[in-house]
Every structure is written in structure tokens, then in C-alpha cells.
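Q: Give me coordinates for this.
(chains A and B)
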Amino acid sequence: MQKLKIYNTLSRQKEEFEPITPGYVGMYVCGPTVYNNVHLGNVRTFLTFDILYRYLTNIGYKVRYVRNITDVGHLVGDGDEGEDKIGKMAKLEKIEPMEIVQRYTNDFHHVLEQFNFLPPNIEPSATGHMVEQIEAVKDLIDKGLAYESNGSVYFDINKYNGEGNNYGKLSGRILEDLLNETRELDGQAEKRNPLDFAIWKKAAPEHIMQWPSPWGMGFPGWHLECTCMSTKYLGKQFDIHGGGMDLKFPHHECEIAQGVGLTGQDPVKYWMHSNMLTVNGQKMSKSLGNSFLPAELFAGAHPLLDQAYSPMTVRFFMLQSQYRSTLDFSNDALKAAQKAFRRLLNGFRVSKTLVYSENPEVAIDEKKKTEIEKAIEGFYEALNDDLNTAVALAQMFTMLKYINMLYMNQLQPAALGRETFESLISKFEIFFEKILGLKEEKAQNDEVVLLGMLELYREYKLNQQYEKVDQIRNYFKANNMVIKDLKHRIDWAWEE
RNA sequence: GGUCCUGUGGCCGAGUGGCUAGGCAGAGCUCUGCAAAAGCUUGUACAGCGGUUCGAAUCCGCUCGGGACCUCCA
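A: The predicted structure is shown next:
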């Protein structure tokens, strides 16, 4: 088994990954709040964990990957007041909240599919775990770590820390500092301490998403769902919890507090946070208005883009950086990525055609052989080093060079020996397809090539070269297509 | 204001005490009917100033620039 090292936000250093149960990995990733379209920044986070999931699986772990859908409880605006995001959209569009949820869940799935992300093993939703969340609130009240106030229930930070815990340990916050910087927000009066966070919120009568509870009609606090769903499916303690940097505080901090409060145990062994995607050096975010929707990118329909970029180009582009670094999004960078990806893709296509042949005349080229073996090993080493996909790709380009040489007949397979040759080909394909999750994309405009064929057809016909004409017709026929030779134009159609 | 991250060649982006990252772009060569593709060669890069060290892009200090979190955000 590969020795994987992961940067753990909790310890602020790279740690050797050792699962709680040997051979098995439980991993939880905070999914989207489905109140509008996912943007490219969101995609980067899910890509990070897609790579992790693929890699863990590939090196032999049995992985249970849970990624939630937040469909209630995430509030608009600051603090613990404000409307529910989904409720707000539903009101604006005058449709059922569940219609909002369904629409953007579909969009989310569609986008992730385009980027070739593997689906998680379990994709639970907050509204589907209302019972668990209410039970958790009750439990926290029973344990004295939460209190009811005016129909809402808050987590008691002072009480929690008084029991020897450390709220703030994940994000490196100090309670006093946090207190000093607390702004005046509505609804603070209900809390014993401004830092206390809602685990259950009373719903105003006009609030469209609400459930009955021992504290009246209301809805769960945002942080609670992840605690309930992660522990339900992965256990009181599980291996990896991931999400974007911006969830570190307060979301993940609160999850730890809730988890510890409920079970007395730290819920997560390794916390992983992927960094932000930036545009002109600034974080891409919905509120800043500088976010790109995947669909805009694929169509090139955005003022900051001067052409369209395919999903795999973008995937490749993101893989060129390490997940803990910010990544800046620009036309130049994307164009470079497009070219590089296509080069790699051509190598992938070509690799499938390469066949080993013995040749006793050809001596083994030890230098090349060693370089290939080092590249293969280097690929694993790179991913083992906290998923350094940038370095892993660099190894792929070394492998690509030899694949191209073989393809161009600049290098004899026998010069590598059967073993190295075969491992070059098979590893390259596994790395490309299975671990990095790249794939061939059909040309969007194969129609253009078709029209070129028809143009040739027209010319041959004009020159009465009927042999060629028939040949072209046969190509079409072999693909269930026919050429329609009309008076005013030449066209093709599916054979009926 | 507090906490933290960051500044790498024309562009993107790894690295983090001594060993060529890589990609894109540029230049030259080989191959080639022409091209393309492919291969080869080619870059005195590490914000500035000082310090530690036999040796620093890498560690320390200061200065300047950029960013994140502290409030919804992946």
C-alpha cells in the first residue's frame, strides 16, 4: 500500500495517513447548498476530493464517500438571523422550496458529471435527517451544552470550553479575540454569549420551511446536519472530512464542537481544506459577482473569456496546481492548459495502439528505462505527498515523451524491455483515466469534418471520378449515413 | 484592527537549505514535398534590503506588494 501523507488542518502539518480501520476509509465532504447554480470555485473543492477518492480507491482502500446536499438551514446574510437560503429563493420564484432544491441538485449533478466526478457512495440531505437532528439537539440540551431561548436552541460555547474543550482549535481562533470582534447582529439578545451558535431556529409564521419540534416550529441550524449525517453513515469518529477553506470557520469549528459535545470524541481524524479559486487575484465568490458558471465556461459566454473551454481542459487546468494553493483563473492559463491537455490526450489515444515486439538486435537503453521507472514511481510519490497533482502531471509528461517516441518510431519497444514498456503504457492509462479522471471528449464540431467530406464528394463528382464518389458514399454508409445528392445542394442524413 | 497565507523566468505553476519540476509561449536543430505532429537543444527565475550558514529561492528580521478568514460563501 502507498504511504500517503495528508496535510491535516487540525495539526497544521502533513501527517502519514492511517485509517481508523485498516483498509477502510470513511470520508465526508461538505456538499453544496442547493439554492442556485454551482460555480467554478465550488467545482475545485469537489475536484480535490474526487482525486482523493479515486486515489484512495486505486491504491487499495475500500472507501465510503459521503457528500451531503444542504437543502435547509443555511441562512442568508450574517449570523444566526436572516432567511433560509432555499426558502428565500422559493419565495422569489413563487415555487415550492423542494422545487428549488430539485432544480439545483439536478444542476449540481449535471455539472459534476460533465467534469467526470465519481458520485459519492451516499448523498444524504438535511431535510431527510430531521429526526436525527432533533435528537441531537435534545441530546445536547440533556448534556447541558445547549439551551433553549425563545424557541431557538443555541450551543453553549462557554460551557463547552469550561469542560476542557477548545472551540477554535481547528481555525486557530482564540475565544477572546473572537469576542472582541463580534459585531452587533440581530438576535444576539437571545444568546448567553455572542459566539453561541444556533442548532435549532424558531421559524417565523411566514417562514415556509419549518418542522415541529419540542421547542415549537422551526428548522435545524446549518452546522448540525453535517454532524448528524457524517456520524450516522461513518461513525462517531471517521477518517477524513473535507471542504473549502472558507468553511473552516465557523462551519467546521462548530461541527467539532457538536461532535465532541455529543459523543465526547473528536469526530474527525484528518481535516482537509482546499484553497480558493481566484480571478485576478481575488477569491471567486457569488457575493463578489466574479464567479463563473461552468455552463458559461463551456460556451465561452462570459465577458472575461475570449473562447470556450471544455470540462476536461478545466479539470486539467485545476490539476496543474496543488489543492492547498490558490489558483488564479485566466484566459492565458486556460489556453495553455487546453494545449497541454490535448497533447496528453493524444498520448492517451496513441498509447492504446502501441504493441511490444521483441528484437534481439536492439539493446536495452538503461537510461531511458530508468527515467520511465522513475516517472512512474514519481507519480505515486507526488500524490502521496498531500495530493500534489502538479508534480504528478509533470511525471505524466515525461511518460508522454516516451509514448510519443514509441509512436513515432523514434524508439524501439525492445529498447525498454517488455516489462518497462508494458508498465509505461498501462500506468499512463491508469493515471490519466482512473486516478486523474481525465477522458477523451468528443469533438463538438465533427460536423465540420463531415462537411469537408461532402465538399470532396462534390468535386469528385464534378470531375466524374466516380470511383472516389462511391468510396465516400461507402464511408458514410458504413456509419449508417447516406449522402443526399439534391439539385441545389449536397447534404447528408441518417440512413432510414 | 486580530489571525493566517502568499510574492518564483513572457504567462501559469511545483519545490522549500546544496541535485534540470512541469506546462504554455519564444529561439535554433532533426525529420518532412509543404505543413503539422514528434524528438533534441535553448532560460544566469525565485519582491527588496539585511542577517544566519561552507552554501538560501528555501531559515530569521525588516520593508513593500497581493490575498484569505474573522460575517453567508467550496
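Q: need the contact list for residue A:334.
A: Contact criterion Cβ atoms under 8 Å, 6 or more residues apart in numbering gives A:309, A:313-314, A:317 as the residues in contact with residue A:334. C-beta: built from backbone N, CA, C; applies to glycine.
Q: let me redo that: residue A:42
A: Under the criterion of Cβ under 8 Å, 6+ apart, the contact list for residue A:42 reads A:32, A:244.
Q: make it 10 Å
A: Contacts were defined as Cβ atoms under 10 Å, 6 or more residues apart in numbering; by that measure residue A:42 touches A:31-33, A:108, A:111-112, A:244, A:277, A:284-286, A:291, A:294.
Q: Could you do residue A:144 as well?
A: Under the criterion of Cβ under 10 Å, 6+ apart, the neighbours of residue A:144 are A:156, A:159-160, A:162-163, A:261.
Q: still on that earlier bit, mind listing which of the contacts of residue A:334 are in helices?
A: Secondary structure from DSSP state H places A:313-314, A:317 of the contacts of residue A:334 in helices.
Q: Show me where the stretch 251-400 of chain A has its helices.
A: Taking DSSP state H, counting those that start in this stretch as the criterion, the stretch 251-400 of chain A contains helices spanning A:253-263, A:294-299, A:311-319, A:331-351, A:366-384, A:389-407.
Q: Report all helices and strands that the third one contacts.
A: Okay, so that is helix A:311-319. Applying 3 or more Cβ pairs under 10 Å, 6 or more residues apart in numbering; DSSP states H and E, one finds that helix A:311-319 makes contact with helix A:40-58, helix A:97-114, helix A:294-299, strand A:327-329, helix A:331-351, helix A:389-407.
Q: Relative to RNA strand B, which residue of the stretch 251-400 of chain A is the closest?
A: Using Cβ to the nearest atom of the strand, the closest approach of the stretch 251-400 of chain A to RNA strand B is made by residue A:340 at 2.7 Å.
Q: Chain A too?
A: For chain A and RNA strand B, the shortest gap (Cβ to the nearest atom of the strand) falls at residue A:244, measuring 1.6 Å.
Q: can you give me phi and psi for that residue?
A: Here is the backbone geometry of residue A:244 (degrees, to the nearest 10): phi -80, psi 150.
Q: Check what pLDDT it gets.
A: Note on residue A:244: pLDDT of 95.
Q: Ok, residue A:79 next?
A: Reading off the model, residue A:79 has pLDDT 61.
Q: how about the contacts of residue A:42, which pair is most distant?
A: The two members of the contacts of residue A:42 with the most space between them (Cβ to Cβ) are A:112 and A:285, at 19.5 Å.
Q: Pick out whichever of those two has more residues nearby.
A: Summary of the neighbour comparison: residue A:112 and residue A:285, criterion other Cβ atoms under 10 Å, with residue A:112 having more neighbours (23 against 17).
Q: Spatially nearest residue to the more buried one, not counting backbone neighbours?
A: Nearest residue to residue A:112, sequence neighbours excluded (Cβ to Cβ, 6 or more residues apart in numbering): residue A:46, at 6.3 Å.
Q: what does the stretch 351-496 of chain A put close to RNA strand B?
A: Near RNA strand B, the residues belonging to the stretch 351-496 of chain A are A:385, A:388, A:390-391, A:393-394, A:397-398, A:400-401, A:404-405, A:408, A:410 when assessed by Cβ under 7 Å from any atom of the strand.
Q: can I get the residues you listed in CSV with pLDDT and neighbour count?
A: As requested, those are exported to CSV (pLDDT from 0 to 100; neighbours: other Cβ atoms under 10 Å):
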residue, pLDDT, neighbour count
A:385, 96, 17
A:388, 97, 18
A:390, 97, 14
A:391, 97, 16
A:393, 97, 22
A:394, 96, 15
A:397, 97, 13
A:398, 97, 15
A:400, 97, 22
A:401, 96, 16
A:404, 95, 16
A:405, 95, 15
A:408, 92, 9
A:410, 92, 9
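Q: Got the domain ranges for chain A?
A: Here the domain parsing of chain A from automatic domain parsing is A:5-274, A:279-435, A:446-494.
Q: ok, and what's touching the lowest-mean-pLDDT helix or strand in chain A?
A: For chain A, using mean pLDDT, DSSP states H and E, the weakest element among its helices and strands is helix A:175-180, scoring a mean of 80. Helix A:175-180 has contacts (Cβ under 10 Å, 6+ apart) with A:157-158, A:161, A:166-168, A:171, A:174, A:193-195, A:249-250, A:253.
Q: quick one: is that helix near RNA strand B?
A: Yes: residues of helix A:175-180 contacting RNA strand B under Cβ under 7 Å from any atom of the strand: A:177-178.
Q: List the buried residues of that helix.
A: Residues residue A:178 are the ones in helix A:175-180 that count as buried (16 or more other Cβ atoms under 10 Å).
Q: for the helix or strand just after that helix, packing partners?
A: If you walk from helix A:175-180 toward the C-terminus, the next helix or strand you reach (DSSP states H and E) is strand A:197-202. On a contact count with 3+ Cβ pairs under 10 Å, 6+ apart, strand A:197-202 meets helix A:130-142, strand A:146-149, strand A:152-155, strand A:218-220, helix A:222-234, helix A:253-263.
Q: For the ones you listed, could you give me CSV that also reports mean pLDDT and distance to RNA strand B?
A: Shown next, in CSV, are these (pLDDT from 0 to 100; distance: least, Cβ to the nearest atom of the strand, whole Å):
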stretch, mean pLDDT, distance to RNA strand B
helix A:130-142, 97, 16
strand A:146-149, 95, 17
strand A:152-155, 95, 13
strand A:218-220, 94, 13
helix A:222-234, 96, 6
helix A:253-263, 96, 9
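Q: Make a markdown table out of the ones you listed and add mean neighbour count.
A: Formatted as a markdown table, the helices and strands packed on strand A:197-202 follow (neighbours: other Cβ atoms under 10 Å):
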| stretch | mean neighbour count |
| --- | --- |
| helix A:130-142 | 18 |
| strand A:146-149 | 19 |
| strand A:152-155 | 25 |
| strand A:218-220 | 25 |
| helix A:222-234 | 24 |
| helix A:253-263 | 23 |
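Q: Tell me which residues touch residue A:38, please.
A: The contact partners of residue A:38, taken as Cβ under 10 Å, 6+ apart, are A:31-32, A:45-46, A:104, A:107-112, A:286, A:291, A:293-294.
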